[in-house]
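# model this:
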Amino acid sequence: MSEKRVDLNLMNVLYAVMAEGSVTRAARRLSMSQPAVSNSLRRLRYLLKDELFIKIPGGIRPTQKATEIWPNLQSALDQLRAIAVPPNFVPAKTNLTFGIAITDTLISRVVPALAARFVQEAPLAKLHFHLHSNPVSISALESGSIDCAVGMFPIAAADLQVDGILVDDYICVFRKKHQSLSNPLSFAEFVAAKHVLVKQATWQPGIVDTWLTVVGQRRNIVLVVNTAADAIEVVRRTDLVAIVPRQFILSIREIGNLVVADLPFEHEKILYKLAWHDRTDRDAARVWLRSIVRETVVKTCRG
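Residues are numbered from 1 along each chain as shown. Down below sits the predicted model:
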């Protein structure tokens, strides 16, 4: 029986396109040209006798066959990577590309320090930063398009590992010339004020609002934004109030016309977590990556 030769580079291309959901993004991830990725997909279609991807408005969708082989492809390539990255992994010699998602309230403090350490310890490697949101990061960890993520993860999938690395709390921010608020802030003032909510996933309830429901209260949310930075800029210009983690306020160099007040009720602490997929739990390269992420977050945010 003849042995059919399989080009593993083609499988790597298929993995990247499946993980990224885009030929363009897959090309960037692989450091290939877009035509080269498209040519590899043509060869894969011939090899697998399937279209693999169907063009849809705004991108591509995998065919039924591509979806069916995806779990086996992930498992096979993960095993090959484990062989290619030996236990005596040396960061200074690796040319791997890593991906990390970080929540927006820690980005400005963590990313510069983490980037500096990464470049120093792994000068031949590449690191891609992504903005964390719970559903997007979970999906990216499961697909393998990122290696780890730092966020709150109130809900995490069963196949993810999470490790608490930083404790924080929420504070209330409003402008100094606010017409009806003072510091310290009373509970009545807080509930009566108009609020801007930071929310990246539309289906997730706000943590502060979940706390308020316990005591049968709700706040008046008139504006929803995606990042804490946007919320602060809104507060600077309006009489709206924002609730953000204290770590984020510490990252702002110029407080200017802002008042920072404690919340006028008891609440649980925020726990930032480092999350990764089960399949990379013992991968030497990813273990190293998680160690420098963990150490950098602790050092920059507790120091």
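# For residue 273, give me its contacts.
By CB atoms under 8 Å, 6 or more residues apart in numbering, residue 273 lies in contact with 150, 151, 152, 153, 156, 162, 163, 164, 165. No exception for glycine: its C-beta is placed from N, CA and C like everyone else's.
# try 10 Å
Counting by CB atoms under 10 Å, 6 or more residues apart in numbering, residue 273 touches 103, 149-154, 156, 160-166.
# before we move on, what about residue 192?
Counting by CB under 10 Å, 6+ apart, the residues that residue 192 touches are 180, 181, 186, 219, 220.
# 7 Å instead?
Residue 192 makes contact with no residue under the criterion CB atoms under 7 Å, 6 or more residues apart in numbering.
# Relative to residue 181, how far out is it?
9 Å (CB to CB, to the nearest Å).
# Could you do residue 35 as well?
From residue 35 to residue 181 the distance is 58 Å (CB to CB).
# So for these two, which sits in the more crowded spot?
residue 181 (19 against 10; other CB atoms under 10 Å).
# ok so, going back, need the worst-confidence member of the contacts of residue 273.
Note: of the contacts of residue 273, the lowest pLDDT belongs to residue 156, at 71.
# How many neighbouring residues does that residue have?
Around residue 156 there are 18 residues (other CB under 10 Å).
# thought it was touching residue 149?
No. Applying CB atoms under 7 Å, one finds residue 156 not in contact with residue 149, separated by 10.0 Å.
# which residues are common contacts for the two?
residue 275.
# Can you tell me the closest non-neighbouring residue to residue 229?
Distance criterion CB to CB, 6 or more residues apart in numbering; nearest residue to residue 229, sequence neighbours excluded, is residue 104 at 6.9 Å.
# Next, find the distance separating the one you found from residue 275.
Using CB to CB, one obtains 16 Å as the distance from residue 104 to residue 275.
# what's the answer for residue 186, then?
Taking CB to CB as the measure, residue 186 falls 37 Å from residue 275.
# Which one of the two is surrounded by more residues?
residue 275 (23 against 11).
# and the more buried one, bridged to which residues?
Residue 275 has the following beta-bridge partners by DSSP bridges: residue 149, residue 162.
# Do you know the pLDDT at it?
Value for residue 275, per-residue pLDDT: 95.
# looking at it, it is touching residue 149, isn't it?
Yes. Contact criterion CB under 7 Å: residue 275 and residue 149 qualify, at 4.9 Å.
# Which neighbours do the two have in common?
By CB under 7 Å, 6+ apart, the residues touching both residue 275 and residue 149 are 137, 141.
# Break down the stretch 101-250 of the chain into its helices, ranges please.
Using DSSP state H, counting those that start in this stretch, the helices of the stretch 101-250 of the chain run over 104-121, 134-143, 187-192, 207-214, 228-237, 246-250.
# Could you chop this structure up by domain?
8-84, 96-163+275-302, 170-268 (automatic domain parsing).
# Nearest to residue 90, out of these?
domain 96-163+275-302 (9.2 Å; CB to CB).
# re the thing from before, contact partners for the residue nearest to residue 229?
131, 227, 228, 229.
# Which of those ranks first by neighbour count?
Neighbour-wise, these (other CB under 10 Å) top out at residue 228, 25 neighbours.
# Residue 99: helix or strand, and which one exactly?
Assigned by DSSP states H and E, residue 99 belongs to strand 97-102.
# outside of that strand, which residues touch it?
29, 110-111, 125-132, 137, 140, 145-150, 289, 293.
# Buried subset of those, written for ChimeraX?
Burial among the contacts of strand 97-102 is assessed by 16 or more other CB atoms under 10 Å; the matching ChimeraX selection reads:
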select :29,110,111,125,127,129,132,137,140,145,146,147,148,149,150,289,293
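# any idea how far residue 219 is from residue 29?
For residue 219, the distance to residue 29 - CB to CB - is 41 Å.
# residues of stretch 242-255 that come out buried?
Using 16+ other CB under 10 Å as the test for burial, stretch 242-255 gives 242, 243, 244, 245, 247, 248, 249, 251, 252.
# Using CSV, write out every CA atom in it.
C-alpha atoms of stretch 242-255 as CSV (Å, rounded to 0.1, in the frame of the first residue of the first chain):
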residue,chain,number,x,y,z
ALA,A,242,-18.7,55.9,36.3
ILE,A,243,-17.8,52.9,38.4
VAL,A,244,-14.3,51.5,37.5
PRO,A,245,-11.6,49.4,39.2
ARG,A,246,-9.2,51.3,41.4
GLN,A,247,-6.3,49.9,39.4
PHE,A,248,-7.5,51.7,36.3
ILE,A,249,-7.7,55.1,38.2
LEU,A,250,-4.1,54.5,39.4
SER,A,251,-3.0,54.3,35.7
ILE,A,252,-4.3,57.7,34.9
ARG,A,253,-1.5,60.3,35.1
GLU,A,254,-3.7,63.4,35.3
ILE,A,255,-6.8,63.1,37.5
